[in-house]
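Undergrad: just the structure for this:
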Amino acid sequence: MVAGQDQAAAAPAIDVADLAIRYGGQLALAGVTLQVPRNEIFGIIGPANSGKTSFLRAVNRMDLLTPGMTVEGSVSVEGKEVRSWRNAYALRRRIGVVFPLPVGLPMTIYENVALSARLRGTRNRSDLDVIVERCLRRAALWDEVKDRLDSLGSLLSGGQQQRLTIARALSQDPSILLLDEFSIAVDPVTTMRIEEVLAELRAEMTIVMVTNLVQQARRLASQTAFFLTGELVEVGETETLFEGGARDERTTAYLEGKFG
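TA: Model prediction:
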């Protein structure tokens, strides 16, 4: 392994310094400095309009797709500043994203999952079959859909569509998976099934999970960051925060359900 590869391997999955985000000049997030370790689940919690989704957008360069959004500071993914990528789509192929509501493409279950591989140049049907099955299994959906892969993905239930979205994200073979409140439109049973999937996936990739369910962060995240009104209040070991070890009283109040 060459020196540059050694350095990249040693770097955190995501390294953010002095991040500030504005929309049309209005400040949405400021002064954010944190590191996300590799191969862990990193939780982000906080009330609505705290800047959590904006943080994910900055990591995945979605500012390029968001009118009026400007980003200042440094965001590095696996040792490389995201704005130094000439091809933002190449960056996004390494970073899978799952949004709050399932966004199924208007195509079959099979093609929803196979699309990314096709775009990367995979044409052989048997190769695509392997990819589709692997990703659907990893998303805990294969057994439910294996006999109807040619059906429209939009005909699945809400929980199944969300797992299809996860399978589609996994088909990119990402090293980082960003989850933005994935359980908003999912029933509790499906939520628990997805949580089991995420617990298994963290051995293979880094997961950043924005959640409106603080107990979900406690169940899954090794570290948790608390955002409030555009500020990173604090970040620490999840159990430490939940066991009364928060440094800021606002964190404790939020975790105790006193606001939010």
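Undergrad: buried sites along the helix or strand Ala167 falls within?
TA: In this structure, Ala167 sits in helix 158-170 according to DSSP states H and E. For helix 158-170, burial by neighbour count (16 or more other Cβ atoms under 10 Å) applies to 159-170. The way it works is simple: take the backbone N, C-alpha and C, and place the C-beta from them, glycine included.
Undergrad: one more: stretch 204-223?
TA: For stretch 204-223, by 16+ other Cβ under 10 Å, it's 205-214, 216-223.
Undergrad: related to what we said a few turns ago, mean confidence score for the helix holding Ala167?
TA: Helix 158-170 carries an average pLDDT of 91.
Undergrad: with stretch 117-133 instead?
TA: pLDDT averaged over stretch 117-133 gives 94.
Undergrad: one more: stretch 96-112?
TA: 86.
Undergrad: that stretch: end-to-end distance?
TA: 14 Å (Cα to Cα, to the nearest Å).
Undergrad: again, but for stretch 90-99
TA: Termini of stretch 90-99 sit 19 Å apart (Cα to Cα).
Undergrad: hang on, the earlier thing: other SSEs contacting the helix holding Ala167?
TA: strand 95-98, helix 109-119, helix 125-138, helix 142-145, helix 188-201 (3 or more Cβ pairs under 8 Å, 6 or more residues apart in numbering; DSSP states H and E).
Undergrad: please redo it, this time with the cut-off set to 7 Å
TA: strand 95-98, helix 109-119, helix 125-138, helix 188-201 (3 or more Cβ pairs under 7 Å, 6 or more residues apart in numbering; DSSP states H and E).
Undergrad: show me what the helix or strand following it is packed against.
TA: Later in the chain than helix 158-170, the nearest helix or strand by DSSP H and E is strand 176-180. Under the contact criterion of 3+ Cβ pairs under 7 Å, 6+ apart, strand 176-180 touches helix 52-59, strand 95-98, strand 206-210.
Undergrad: next, the angle helix 158-170 makes with strand 176-180.
TA: 150 degrees (axes from the mean of the first three to the mean of the last three Cα atoms, to 10 degrees).
Undergrad: thinking again about what came up before, now tabulate the helices and strands packed on strand 176-180 in JSON lines and tack on distance to Ala253.
TA: Listed next are these as JSON lines, based on distance: least, Cβ to Cβ, whole Å:
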{"stretch": "helix 52-59", "distance to Ala253": "18"}
{"stretch": "strand 95-98", "distance to Ala253": "29"}
{"stretch": "strand 206-210", "distance to Ala253": "20"}
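Undergrad: most tightly surrounded among these?
TA: strand 206-210 (a mean of 25; mean count of other Cβ atoms under 10 Å).
Undergrad: from the chain's centroid, how far away is that one?
TA: Remark: strand 206-210 is offset 5 Å from the chain centroid, using Cα atoms, centre = their mean, to the nearest Å.
Undergrad: with stretch 191-207 instead?
TA: 11 Å.
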